[in-house]
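pasted the sequence and its predicted model underneath.
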Amino acid sequence: MCAGRVQLPNPHLDDEDGDYLMHLEIPREKWHLFNDIKFVCVGGTVGRMEELAKQLNESLRGGTDLEDSFVNQRYGWFKVGPVLCVSHGIGTPSLSVMLHEVFKLLYRAECTDVRLIRIGTCGGVGVRHGTVVVSTGAITPGFEPVYVTSSLGEPLRLPTDADTDLREELVNSKSADDYFDVISGKTFCTEDFYQGQGRIDGSFCDYSKEDQRRFLQKLQELGVVNIEMESAGVLGMAGKVGIRAAVVCVVIVNRLEAELPTATPDEMREFEDYPIKLVKRYIINKLSN
Ligand SMILES: O=P(O)(O)O[C@@H]1C[C@H](O)[C@@H](CO)O1
Ligand SMILES: O=c1cc[nH]c(=O)[nH]1
């Protein structure tokens, strides 16, 4: 067995002749074409993943057309040499369906030494917009470092620490020329954008502004610097199958100051490019060493 080869803790998979990637729609005859994958980058939107793929394609292959890509009504994926960029939609239920299928693809294709990186947007907790946060780990409602999913109707709790080496390498990928700051800290991962993140502008709200203030202060006291909706799933599921993972998100609103972003559309587009730049630089450095 090759060292570093992706292994899955599912004894039933080897009995399954007809294993099939229902949502990614990658047919069995093509699985072997993914054997060279070393980096899987995931993020909420198809557009962000396509942008990352285009930028990588420019840097790694001189900007020829994106040849290996597929978009259906659920997800979109783009393969640029050893990098697979896949969108996951909003929230861990959507993310987890995609990750199960990506992990099976990596296993079937006999990939080795793969790293998984989520590139996203987030709210900052006392952190200004435009700052890039590389998570040390995720905590979830209940304030524990666990991703709570389910198995046979019972809670399944998976630890949510980021890979320390990968996180440090990503933080160190900042260049002195970058306009943005890069920080590290804990990420609060929720299942909802409104009440789940302590907003008062959802369709209903069961608490006061004072309760909201206390909640955000509690997060700060716990060392939380940002809030989003998939970090726990990425880190919990990657840990379960032994793949190194990290989460890199740009702050688009400081939640101590506002509910929704105040930046202009042009600034927002620029912010979204910051984590792409950082991760792209990390990948290019790794591939050239
Ligand atoms: O990767 P994205 O920008 O989708 O991440 C955050 C968390 C949710 O998916 C979404 C909420 O607006 O943005
Ligand atoms: O505040 C925010 C911004 C982006 N994504 C989130 O989940 N929350």
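Yes, it's here. Numbers count the residues shown, from 1 in each chain. Ligands and ions are numbered 1, 2, ... in the order given.

quick one, what contacts residue 129?
251, 252, 253, 254, 261, 262, 263, 267, 271 (Cβ atoms under 8 Å, 6 or more residues apart in numbering). (C-beta placed from N, C-alpha, C; glycine too.)

ok so it is a strand residue?
No: with DSSP: H, G, I helix; E, B strand; the rest coil as the criterion, residue 129 is assigned coil and is not in a strand.

contact residues of the stretch 51-200 of the chain facing ligand 1?
90, 120, 121, 193 (Cβ under 6 Å from any ligand atom).

can I assume the last one is in contact with residue 199?
Yes: applying Cβ atoms under 8 Å, one finds residue 193 in contact with residue 199, separated by 7.2 Å.

ok, which pair from the residues of the stretch 51-200 of the chain next to ligand 1 is furthest apart?
By the measure Cβ to Cβ, 120 and 193 form the most distant pair in those, at 12.7 Å.

neighbour count winner among the two?
Comparing residue 120 with residue 193 by other Cβ atoms under 10 Å, the one with more neighbours is residue 120, at 26 against 15.

bridging residues for that one?
Residue 120 has these beta-bridge partners by DSSP bridges: residue 249.

now the strands for this structure?
Assigned by DSSP state E, the strands in the chain fall at 39-43, 68-71, 76-80, 83-87, 115-124, 132-139, 146-151, 154-159, 182-189, 224-228, 244-254.

give the contact list for the residue in the stretch 101-250 of the chain that ligand 2 sits nearest to.
Of all residues in the stretch 101-250 of the chain, residue 123 sits closest to ligand 2, at 2.6 Å by Cβ to the nearest ligand atom. Residues in contact with residue 123 (Cβ under 8 Å, 6+ apart) are 197, 226, 227, 228, 251, 252, 253, 254, 255.

can you rerun that using 10 Å?
129, 188, 190, 193, 197-199, 216, 226-228, 249, 251-256, 258-261 (Cβ atoms under 10 Å, 6 or more residues apart in numbering).

likewise residue 159?
137, 138, 144, 145, 146, 147, 232, 235, 236, 239, 240.

can you say which of those residues are buried?
By neighbour count, with 16 or more other Cβ atoms under 10 Å, the contacts of residue 159 hold 137, 138, 145, 146, 147, 232, 235, 236, 239, 240 as buried.

between the contacts of residue 159, which is nearest residue 284?
residue 235 (24.0 Å).
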